[in-house]
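Colleague: the following comprises the amino acid sequence and a computationally predicted model.
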Amino acid sequence: MAHVMLPSSAISRDARLNRAKYADTAVPELVRRLVETGARVSRLVAKLAGGAQMFLLASPLADTMRIGPRNVEACKEALQLFHIPIEAEDTGGNYGRTIELDCSTGLVYVRSVQAGEKVL
């Protein structure tokens, strides 16, 4: 599981890049680690949750501040590079989510005050 915070590592100013923080580096890193432990890319599927736009912005910076939607777009692009299909998703909206991954079943439980609970 990757918890992406920002869409692109190009904005990083850190001397040591945290690959887990950015969609464009977190997805490839996760795939690399899965393959390293014996997974086959051809058998991987993805489930996405999150990507909310928590605040309404009406300014010239509005597109730059669309962090949640841009994270979703960047994750989808990265997954497409590996030909990993998206099996399910609960993304967008204007509310936060809490997720739990059951590693034994692959089910993802998504909870939010606004939308209740969903199973992906």
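Modeller: Thanks, I have the structure now. Just so you know, these numbers come straight off a predicted model, no measurement behind them.
Colleague: please enumerate the strands of the chain.
Modeller: 46-50, 86-91, 98-102, 107-112, 116-119 (DSSP state E).
Colleague: can you say which of these is nearest to C75?
Modeller: Among these, strand 46-50 comes nearest to C75, with 6.2 Å by C-beta to C-beta. All C-beta atoms are positioned from the backbone trio N, CA, C, and that covers glycine.
Colleague: in its sheet, what does that closest one sit against?
Modeller: strand 86-91 (parallel) (DSSP bridges).
Colleague: and the contacts of the partner strand?
Modeller: Residues from elsewhere that reach strand 86-91, judged by C-beta atoms under 8 Å, 6 or more residues apart in numbering: 45-52, 68, 72, 76, 79, 97, 108, 110, 115, 118, 120.
Colleague: ok, of those, which come out buried?
Modeller: The neighbour count (16 or more other C-beta atoms under 10 Å) marks 46-52, 68, 72, 76, 79, 97, 108, 110, 120 as buried among those.
Colleague: about what we covered before: now tabulate the strands of the chain in JSON lines and tack on mean pLDDT and distance to R33.
Modeller: Below are the strands of the chain laid out as JSON lines (pLDDT from 0 to 100; distance: least, C-beta to C-beta, whole Å):
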{"stretch": "strand 46-50", "mean pLDDT": "97", "distance to R33": "15"}
{"stretch": "strand 86-91", "mean pLDDT": "98", "distance to R33": "19"}
{"stretch": "strand 98-102", "mean pLDDT": "96", "distance to R33": "15"}
{"stretch": "strand 107-112", "mean pLDDT": "97", "distance to R33": "19"}
{"stretch": "strand 116-119", "mean pLDDT": "96", "distance to R33": "25"}
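Colleague: distance to V31 for these - can I get that in a markdown table?
Modeller: Converted to a markdown table, those look like this (distance: least, C-beta to C-beta, whole Å):
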| stretch | distance to V31 |
| --- | --- |
| strand 46-50 | 10 |
| strand 86-91 | 14 |
| strand 98-102 | 16 |
| strand 107-112 | 18 |
| strand 116-119 | 24 |
